[in-house]
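Enquirer: sequence? don't have it. structure:
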C-alpha cells in the first residue's frame, strides 16, 4: 500500500503538507467507517485505500462491516435499484427483512467512533444507536429520481444524522440536515491505476486471446443491468459494421450483488453471435483491469444510472478517450467534446465510438484533457482533504472556519 | 542587491481549503433562477462565481462562472450569459454588491426579453445551488522581508495564494488583498503595494498570478 509521501511527485509537497495540517486538527477523534462489504464495488475499494492513508495522516480511523444474509442483500439490491429510479416490486416483507437484519447489526456491532461514517443504505439504521457522537451518512448512489417509497423509508433515518454526503449536485434535495458534495476519487498508485510495463499489458492480451492489431473497445463494470452491458453490445455491433474491432466486457461481482449471475448469463447469450466479443470475469484482478484499460482504443461506460462512475476517472487518468452516458457523476468527469464524449442512447454511443476510432488525433486530445482534469480534481489526495474537512465541519457550523 | 527592509510584522501565510455544501435548491427556468439568486446565502454566490479559479488551473473552455455557463449552455441565452461573464468582479468589494449586480443584469435582460423567462432546462440539467464553506489554516511559512516573501510565494499552494488575493478581499471584506496590505503597512512600500493591488487577478490563472507578483517584487529587491 502506498505511503502518503509517495504522492508528492504526482501532486506536489504543498498538497501533502496541507493534508498533514488537517490531520493534526483531528488527532483526538476516532473515525469509524461502516459499510456492507470488505471487497468488491467502489465503496470497499475507496475505503481500502483511504483508511491507511488517513491513519498515516494522524486520523485514528477504523473500518467495520455489517453482517447480512442472502435475503438481506437481496432486499438492499432492490433498494439500490429503486433509489436509482428503476421499477422494483418492493413489498412490506422487504422492509421487515431489512429491519430485522438491521436490528441484529445494532445488537452485534460495536459503535465506538467519535465520528461514525455510514456508507450507503445497507447500514443506515445503525444511526438508532446515536449517542452524543457525530454521525455522517455517505450516499454513493444516484438518488436524483428515487423510488419515493424507499426514499421516504430511508428519510426517517437520514434525518437523524448530523450530515449527509453526495457524489453529485443532482443527487441533492432539501434535507433537514447539512449535506455536502464530495465526489469519489481514484488512487493513481493503486494496482488499478499505476503505470504498467508493456510486457504486462501484452501478457494480459495474450491470456484472454485479445488481438493487439484490432481496435479494442472496453467496458469495465460489474454485470449489472444499470451498467447496460447489453446496450454496450448493441452499440458495438453498430460500430462493427464499419470498423473491424473487438469488444471487451470485463468485471467481477460484489458480495452484496445477487442479481449479477443472471445478468451475466443474458450477456453471454447476447455475445454468442460475435467471436470478437470477450466476456471476462475478473475477480478482483486490478492489474488485469489496468492492462485492459491501457490496451483499449476506446473505453465505454454506458450506464443507465451511476453513483459516480469511477471507471471513467480510471480510463481518463490513463489518457484514454471515453464514451459515457450523461448520468450521475459522469458529467462531472467528462465535459462533452472536451474531455470525452457523452451519450444518451445506444445510437449515440455507437456514433461516438465510430468518431473516436476514425479520428485518433481527436481521440488522443480528449484523453489528454481528461487526464489533466482527473489530476486536478479526482485523485485520492483531494478526497482525503475533503473527508478531513467534512469531519471538521461537524464541529464548525459556520461558512468561514478559522482553524488556528 | 540593496539591503532588505525588515517588516514591522511578519507575513503569516495561511491556506484556504473548501468544502462544497449542497443546498437542495435548484432552478429549471430563468424565473426560478432569479428568485433563488436573490435568496440564497452569500456563500452560494461566492461559490458559483469563484469555483473555477481553484478547480480549473489548466486551459479550459469552461466560462469563469457557473451562472453564465448554465444560462448560455443549458438555456441558450447567449447574450445574457455574455453579460454575466463580463461582470468585472474586481470592482465589487463584497458579496452583496456582487449579488446585486448579477440580479440587476438578469432583471434588465428579462425586461427586454420576457420570453426568456419561460425557457426550461431539461430534466437533469437544472441549476443546483451550492455553498462554499472555507477552512482557513495558518501554514508554517512566515516572511520577515520581501526576499523571504517571494521565496515562500514560490512554494506555497495555489490555495494559499487564492486565499490572500481573492477570499480575504471579497469574502472577508478587506479593502485590498493581504499581500498589498502587508507590503504597504509592514514593509512601507506603497508603490509596490499599489502595483500588486492594481492587477485584475480574475484574468490570470493562480500560477500566473504567483509568477506576476514574484516578478514585481524582484524588480524592487534585485
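Expert: Ah, there it is. All values reported here derive from a predicted model rather than from experimental measurement. Residues are numbered from 1 along each chain as shown, chains lettered A, B, ... in the order given.

Enquirer: For residue B:27, which non-adjacent residue is spatially closest?
Expert: residue B:33 (3.9 Å; C-beta to C-beta, 6 or more residues apart in numbering or on different chains). Any C-beta I mention is one placed from the backbone N, CA and C, and that applies to glycine too.

Enquirer: Isn't that neighbour up against residue B:129?
Expert: No: between residue B:33 and residue B:129 no contact is recorded; they are 9.3 Å apart, counting by C-beta atoms under 8 Å.

Enquirer: okay, and the common contacts of the two?
Expert: Between them, residue B:33 and residue B:129 share these contacting residues under C-beta atoms under 8 Å, 6 or more residues apart in numbering or on different chains: residue B:27.

Enquirer: In contact with the residue nearest to residue B:27, which residues?
Expert: Per C-beta under 8 Å, 6+ apart, neighbours of residue B:33: B:27, B:67, B:70-71, B:106, B:127.

Enquirer: Out of those, the closest to chain A would be?
Expert: residue B:127 (9.0 Å; C-beta to the nearest C-beta).

Enquirer: follow-up on the earlier one: is it possible to export the contacts of residue B:33 to CSV including pLDDT?
Expert: Putting these into CSV (pLDDT from 0 to 100) gives the following:
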residue, pLDDT
B:27, 96
B:67, 94
B:70, 92
B:71, 95
B:106, 97
B:127, 95
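
Enquirer: For the most centrally placed residue in chain A, pull up the helix or strand it's in.
Expert: Of all residues in chain A, the one closest to the mean position by C-alpha atoms, centre = their mean is residue A:42, 4.0 Å from it. Taking DSSP states H and E as the criterion, residue A:42 maps to helix A:41-56.

Enquirer: The residue nearest to residue B:27: which element?
Expert: Assigned by DSSP H and E, residue B:33 belongs to helix B:30-39.

Enquirer: So what touches the helix or strand just after that helix?
Expert: Going down the chain from helix B:30-39, the next helix or strand is helix B:42-55, by DSSP H and E. With C-beta under 8 Å, 6+ apart as the test, helix B:42-55 has contacts from A:376-377, A:399, B:18, B:20-21, B:23, B:37, B:60, B:62-67, B:89, B:95-96, B:98-99, B:102, B:129-133, B:158-159, B:162, B:166, B:170-171, B:202, B:206.

Enquirer: Quick one: buried ones out of the residues you listed?
Expert: A:376-377, A:399, B:18, B:20-21, B:23, B:37, B:60, B:63-67, B:89, B:95, B:98-99, B:102, B:129-133, B:158-159, B:162, B:166, B:170-171, B:202, B:206 (16 or more other C-beta atoms under 10 Å in any protein chain shown).

Enquirer: Average pLDDT for stretch B:179-192, rounded please.
Expert: Mean pLDDT, stretch B:179-192: 95.

Enquirer: Show me which residues of that stretch are buried.
Expert: In stretch B:179-192, counting by 16+ other C-beta under 10 Å, buried: B:179-184, B:186-187, B:189, B:192.

Enquirer: which residues are contacting the helix or strand where residue A:100 lies?
Expert: Element membership for residue A:100, per DSSP H and E: helix A:92-108. Outside helix A:92-108, the residues within contact range by C-beta under 8 Å, 6+ apart are A:66-69, A:71-72, A:75-76, A:78-79, A:123-126, A:128-129, A:153.

Enquirer: Also stretch A:19-26?
Expert: Under C-beta under 8 Å, 6+ apart, the answer for stretch A:19-26 is A:4, A:54, A:57-59, A:381, A:384-385, A:388-389, A:391-392, A:403, B:15, B:17, B:137, B:139.

Enquirer: what do you get for stretch B:114-130?
Expert: A:144-145, A:169-170, A:172, A:181, A:326-327, B:20-23, B:25-31, B:33, B:36, B:40, B:44, B:47-48, B:66-67, B:70, B:74-77, B:80, B:109-110.

Enquirer: Check the separation of the first and last residues in it.
Expert: Here the two ends of stretch B:114-130 are set 27 Å apart, with distance taken as C-alpha to C-alpha, to the nearest Å.

Enquirer: And stretch B:178-193, by the same measure?
Expert: OK, stretch B:178-193 end separation, C-alpha to C-alpha: 10 Å.

Enquirer: Could you confirm whether that stretch reaches chain A?
Expert: No: looking at stretch B:178-193 against chain A by C-beta under 8 Å from any C-beta of the partner chain, there are no contacts, and the closest approach is 14.3 Å.

Enquirer: just for the chain, where's the confidence low?
Expert: Reading this off chain A. A:253-258 (pLDDT under 70).

Enquirer: You answered for a different chain; I wanted chain B.
Expert: B:1-2, B:54-64.

Enquirer: any idea which helix is longest in it?
Expert: Identified as the longest helix of chain B according to DSSP state H is helix B:95-112.

Enquirer: mind listing what's buried in that helix?
Expert: Buried, per 16+ other C-beta under 10 Å, within helix B:95-112: B:95, B:98-99, B:102, B:105-106, B:109-110.

Enquirer: Show me the contacts of helix B:42-55 that map onto helices.
Expert: Checked against DSSP H, those include these in helices: A:376-377, B:37, B:66-67, B:95-96, B:98-99, B:102, B:158-159, B:162, B:206.

Enquirer: I'd like the residues you listed laid out as a markdown table, including distance to residue A:342.
Expert: Output for these, formatted as a markdown table (distance: C-beta to C-beta, whole Å):
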| residue | distance to residue A:342 |
| --- | --- |
| A:376 | 19 |
| A:377 | 17 |
| B:37 | 27 |
| B:66 | 18 |
| B:67 | 22 |
| B:95 | 33 |
| B:96 | 37 |
| B:98 | 32 |
| B:99 | 32 |
| B:102 | 29 |
| B:158 | 29 |
| B:159 | 30 |
| B:162 | 30 |
| B:206 | 29 |
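
Enquirer: Farthest pair within the residues you listed?
Expert: A:376 and B:96 (30.8 Å; C-beta to C-beta).

Enquirer: any idea which of the ones in helices among the contacts of helix B:42-55 is closest to residue A:163?
Expert: residue A:377 (21.6 Å).

Enquirer: what's the distance between the closest one and residue A:71?
Expert: Distance, residue A:377 to residue A:71, by C-beta to C-beta, to the nearest Å: 40 Å.
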